[in-house]
Each structure stands twice: as structure tokens, then as C-alpha cells.
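I would like to see how this sequence folds:
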Amino acid sequence: MTVDAGGRVNNGSRKRSRHRRARCAPQHTNIDINYEINKKASVVDADELPTEMSMTAPFCASSSSSSDRSPESDVAAVLREELLRESMTECAAARAVVSSLGCVSVIGRRREMEDAVRVEVGFAMGALFGDLYDFFGVYDGHGGAHVMAGSFVEMDADVVKTGGEAARTVGSTAVVAVIGGDVVVVANCGDSRAVMCRGGTAIALSEDHKPNRPDELKRIEAAGGRVINWNGHRILGVLATSRSIGDQYLKPFVTPDPEVRVMERTSTDEFLILATDGLWDVISNEYACQVVKRCLKGRIRRRHGQDAAEEDEATRAAAILVELAMARGSRDNISVIVVELNKQPRRFS
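Next up, the predicted model:
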């Protein structure tokens, strides 16, 4: 799955969307993860966060042999090869909307990478007051609120139109956020999720579209579909999300219509987390916010050599969330975007 500059999902060239990960066999790499935790921090009990973790996770092998590399170089190579990081704190224009951002996407324990992320800093500017808007999107592929909702339907039509016969059985969830100086607009279709930390409290800006959610179950059954508990609640025993882009063979039970939420920004907004279900299946909203808050304050650090030393706090926070999800047994692709918000929203001038 690919995402173009406008945030559109393209499943038509699915094989190419796996990048190099699909061309190399997964191997199990042992990773020792050490955290430096300031136990004086009051945000989270230090005992809740591990000081050391050892986990086995599948990553694509790099070209060099593992026998002639040190553990430190192995870890650095894994991070360079498998973590998609985008830190854009150097963009001065972005400071008008967000303070910093970090992005990490990994294949996890899956054999194929079907997640995608998209970040467009300053992708639009308001005509009246010159307000700057940033776009952030997380997509999990498988086999103005009205404007936002319409774009999801248009993406769905594009997938069906350009994907050919393959488009009937492929699809993607999506959660996207457009952030301006005074407003945050979140649109969700599927079970990826957006969570904001405001004044130390985790606030879910989206609600997962699961087939057993009462209102979704009612909609599916009204359309003539069934939800079958087959290794979890699934539409017709197949799809574990009730809304997605694509999945033509399950329409009208599966719809691309997103739920859109608009929130005015306040001076107490701290950060926003966008992530696929590979994270949320094993980590709660509250715990994720606690971890990110401590990372942004420099109270949790990773020991991965030079790469870790050079990364900014938002990227470190996204990476640590991914590592915690892996340590807790997540078996899916994991993609996380952490967006640190300014304390005082202001317009770009």
C-alpha cells in the first residue's frame, strides 16, 4: 500500500508497496533494550516501565553477515533498516502548528509490511487569515468535516477503480489528523486510533470501528450482513474491522465513511498520538500517553548507540512505544506518529 502527497491510499500496486521488506526473508533478531528512567518523575511509577527488556522480533536481514558484527552494530543496523523515522523539528514553519514530531513504522512479527504513514507539514494554508495546516496519517492495509469525509469516499473509489480485480479483496484502515493553529480535525475509518494528551489526561479522538461495536453491529445487520466470532468478531467471519477503504467484496457491510471529530486547540494540549492497532491491541491510551510524556521530558532514554543519541524526543517516544508493543507480544505491523503540540497555539505569519 502506498500513500500519495494528498494522503490517498493506493492498493493497486500492492507488491511494490512492501518496499525492500517484501524482498527479504524475515529473521529473528535478539534485541536488548535498556531504558534510563528518572525515578523522581511523578507522571508514571518507575516500576511500571522496564529498565531492561529482551525480546525476539522478526526483522528483515541486512546484507552483511550477523557473525561479523557486534551486538551494538546489529541494533543500530536494525534501527536504520527497519524503522521509518521522520523528524521534522527543523522546519521553522511547522513551529506555528506543532513543536516537533516523530514517526516510526516497523514490520513487527508479520511476514509482510502493510502499514503506511504520511506526514505533510504545511500542506495547506487558509486563504482568509493565512492559517497553516499540517497533515498526519496512519494507514493499516489488509489482503471542514464534510471535506474530510468526502476524501475517504473518494479514496475508496480510487482503490476500486485503479486496483482492478485485486482491489476486491484488499483494503486499509486510516486515521488522519489535520492540525491548525486553533483546531485539530481527526477522521477515522477502521481500528487505527488517534489519542490526544490534554492537561495530563488521555483523550481518544477516534473510536475503533469493530464489528461487535453495538452501533456498527446494528448497521451491518441492517444491511444484511452477519458478524461471526471466528478468532475474534469478524464480518462474515473474515474482516475484523467494520469500516475500511477498499474491501469491495464485503460491501455494503464494510463502508469507507469515516467518523470525523473537530476540536478547538487549547493551551493545555500536549501531544497527539496516531497509531495502528499493532500498538493499541497491547497498550492502553493512558499508558501510551504516560510513556510519551516522560519521553518528551527526557525521563526515558534508549541505549542504541549513536542513532539513539541523535534522535529527538518525539521520535524517541514513537520508537519506545513500538518497542513496548513488541515486548508485550504485538503480532501485527506497528506504526506510530507522535506530534508534540505548542503550548500556545498561534497563526503562521
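
G108 contacts V336, doesn't it?
No - if you go by CB atoms under 8 Å, G108 and V336 don't touch, sitting 11.5 Å apart. Where C-beta positions appear, they are placed from N, C-alpha and C, glycine not excepted.

tell me what whichever strand or helix holds D134 is packed against?
Assigned by DSSP states H and E, D134 belongs to strand 132-142. Secondary-structure packing of strand 132-142 (3 or more CB pairs under 8 Å, 6 or more residues apart in numbering; DSSP states H and E): strand 115-125, strand 171-180, strand 269-275, strand 334-341.

quick check: closest non-adjacent residue to M125.
L132 (5.5 Å; CB to CB, 6 or more residues apart in numbering).

quick one: the helices in the stretch 201-349 of the chain?
214-222, 277-280, 285-296, 306-310, 313-327 (DSSP state H, counting those that start in this stretch).

got a markdown table for these, with mean pLDDT, distance to H233 and mean neighbour count too?
Below are the helices of the stretch 201-349 of the chain laid out as a markdown table (pLDDT from 0 to 100; distance: least, CB to CB, whole Å; neighbours: other CB atoms under 10 Å):
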| stretch | mean pLDDT | distance to H233 | mean neighbour count |
| --- | --- | --- | --- |
| helix 214-222 | 96 | 8 | 14 |
| helix 277-280 | 94 | 14 | 25 |
| helix 285-296 | 96 | 21 | 22 |
| helix 306-310 | 54 | 39 | 13 |
| helix 313-327 | 93 | 22 | 25 |
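
low pLDDT regions in the stretch 151-300 of the chain?
Regions of the stretch 151-300 of the chain meeting the criterion pLDDT under 70 cover residues 151-156, 159-167.

hmm, try it at 80
Along the stretch 151-300 of the chain, the model assigns pLDDT under 80 to residues 151-170.

contact partners for the closest residue to E207 other than its chain neighbours?
Nearest residue to E207, sequence neighbours excluded (CB to CB, 6+ apart): E259, at 6.7 Å. By CB atoms under 8 Å, 6 or more residues apart in numbering, the contact list for E259 reads A187, N188, C189, S206, E207, H209.

you'd agree C289 is up against I273?
Yes - between C289 and I273 there is a contact at 7.2 Å, judged by CB under 8 Å.

R198 and P258, how far apart?
Going from R198 to P258 by CB to CB, to the nearest Å gives 22 Å.

for these two, indicate the residue with more neighbours.
The neighbour count for R198 versus P258, taken as other CB atoms under 10 Å, is higher for P258 (26 against 18).

one step back: could you report the neighbour count for the residue nearest to M125?
The local packing of L132 (other CB under 10 Å) involves 23 other residues.

quick one: the helices and strands packed on strand 132-142 as CSV, columns for mean neighbour count too.
Written out in CSV, the entries for those read as follows (neighbours: other CB atoms under 10 Å):
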stretch, mean neighbour count
strand 115-125, 19
strand 171-180, 26
strand 269-275, 25
strand 334-341, 27
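
of those, which is nearest A240?
Among the helices and strands packed on strand 132-142, the nearest to A240 by CB to CB is strand 171-180 (10.1 Å).

parallel or antiparallel, which strands does the closest one pair with?
Partners of strand 171-180 in the sheet, by DSSP bridges, are strand 132-142 (antiparallel), strand 183-189 (antiparallel), strand 245-246 (antiparallel).

among these, which is the most enclosed?
strand 245-246 (a mean of 30; mean count of other CB atoms under 10 Å).

quick one: the spatially closest residue to S172 that is not a sequence neighbour from E340, how far?
Once flanking residues are discounted, S172 sits nearest to G141: 4.2 Å by CB to CB, 6+ apart. G141 sits 27 Å away from E340 when distances are taken as CB to CB.

try V119
13 Å.

need the overlap of contacts for the two.
L101.

which strand or helix spans S100?
In this structure, S100 sits in strand 98-106 according to DSSP H and E.

rewinding a little: quick one: the residue nearest to M125 and G181 touch, right?
Yes - counting by CB under 8 Å, L132 touches G181, with 6.8 Å between them.

coming back round to it: could I get the helices and strands packed on strand 132-142 as TSV with distance to R294?
Shown next, in TSV, are the helices and strands packed on strand 132-142 (distance: least, CB to CB, whole Å):
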stretch	distance to R294
strand 115-125	23
strand 171-180	22
strand 269-275	12
strand 334-341	12
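
coming back round to it: so which elements touch the strand holding S100?
Strand 98-106 sits against strand 115-125, helix 313-327, strand 334-341, with contacts defined as 3+ CB pairs under 8 Å, 6+ apart.

how about those in TSV, adding distance to V98?
Shown next, in TSV, are the helices and strands packed on strand 98-106 (distance: least, CB to CB, whole Å):
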stretch	distance to V98
strand 115-125	8
helix 313-327	9
strand 334-341	5
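
show me what contacts the closest residue to C295 other than its chain neighbours?
Distance criterion CB to CB, 6+ apart; nearest residue to C295, sequence neighbours excluded, is A317 at 3.6 Å. Applying CB under 8 Å, 6+ apart to A317 gives the contacts G102, V291, V292, C295, L296, V338.

kindly provide the distance from the first one to K210.
When CB to CB is applied, the distance between G102 and K210 equals 28 Å.

and these two? which has more neighbours close in?
Using other CB under 10 Å as the criterion, G102 and K210 rank with G102 on top: 28 against 19.

count of residues packed around the nearest residue to G232 once chain neighbours are set aside?
What sits nearest to G232 in space, not counting adjacent residues and going by CB to CB, 6+ apart, is A240, at 5.4 Å. Close neighbours of A240, defined as other CB under 10 Å, add up to 17.

right, I'll leave it there.
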